[in-house]
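>>> only the shape, not the letters, is given here:
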């Protein structure tokens, strides 16, 4: 059944994808390995890989971090964003420096910086704030991402 759910994560039918997601969310530990394999499989459907990354994040299992970090150079920015968001959900302090490096990398896409800054605040907002404040004096893309995340935190009353 597990393989059916994994396959259905990339189904053209939204209902099939949502049903598979729900089943995998409720699945036992066997789902972990299958989801990690799917995230790593560049030949699998984008939708399935992206959903698998988010499911790994929702599970909050630090064992998924190496798989999620391995997507750092994935050609799909959406897969990279999903994996980084998932790491924020897992809240493993051990990835904070890697995320900080992504956030400050001048070659990174602006939207990925925003997702990365958000993940950093999910892991440790107090530790992320100095980076966000410093970015306000940085290049345009970094400054815009920092402003957006700081505005989001202020709106939620998290500052």
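Thanks, I have it. All values reported here derive from a predicted model rather than from experimental measurement. Numbers count the residues shown, from 1 in each chain.

>>> switch to C-alpha atoms for all contacts and neighbour counts from now on
Noted.

>>> how about the contacts made by residue 141?
109, 110 (CA atoms under 8 Å, 6 or more residues apart in numbering).

>>> any idea whether it is helix, strand or coil?
With DSSP: H, G, I helix; E, B strand; the rest coil as the basis, residue 141 sits in helix.

>>> please begin residue numbering at 137 from this point
Okay, using 137 as the starting number, the last item reads as residue 277.

>>> how much space is there between it and residue 241?
11 Å (CA to CA, to the nearest Å).

>>> now residue 165
On the measure of CA to CA, residue 165 and residue 241 end up 35 Å apart.

>>> give me the phi and psi for the residue nearest to residue 285 when sequence neighbours are not counted.
Of all residues not flanking residue 285 in the chain, residue 254 sits nearest, at 6.2 Å (CA to CA, 6 or more residues apart in numbering). For residue 254, the backbone dihedrals (degrees, to the nearest 10) come out as phi -60, psi -40.

>>> how many neighbouring residues does residue 212 have?
13 (other CA atoms under 10 Å).

>>> tell me the spacing between it and residue 281.
To residue 281, residue 212 is 20 Å away according to CA to CA.

>>> before we move on, what about residue 218?
Counting by CA to CA, the gap from residue 218 to residue 281 is 17 Å.

>>> with residue 161 instead?
31 Å.

>>> which parts of the protein are helices?
Taking DSSP state H as the test, the helices found in the chain are 138-144, 150-162, 166-176, 182-195, 201-206, 213-226, 232-240, 246-271, 276-291.

>>> highest mean neighbour count out of the ones you listed?
Burial of the helices of the chain is given as mean neighbour count (mean count of other CA atoms under 10 Å); helix 213-226 ranks first at a mean of 25.

>>> packing partners for it?
Helices and strands touching helix 213-226, as assessed by 3 or more CA pairs under 8 Å, 6 or more residues apart in numbering; DSSP states H and E, comprise helix 182-195, helix 201-206, helix 246-271.
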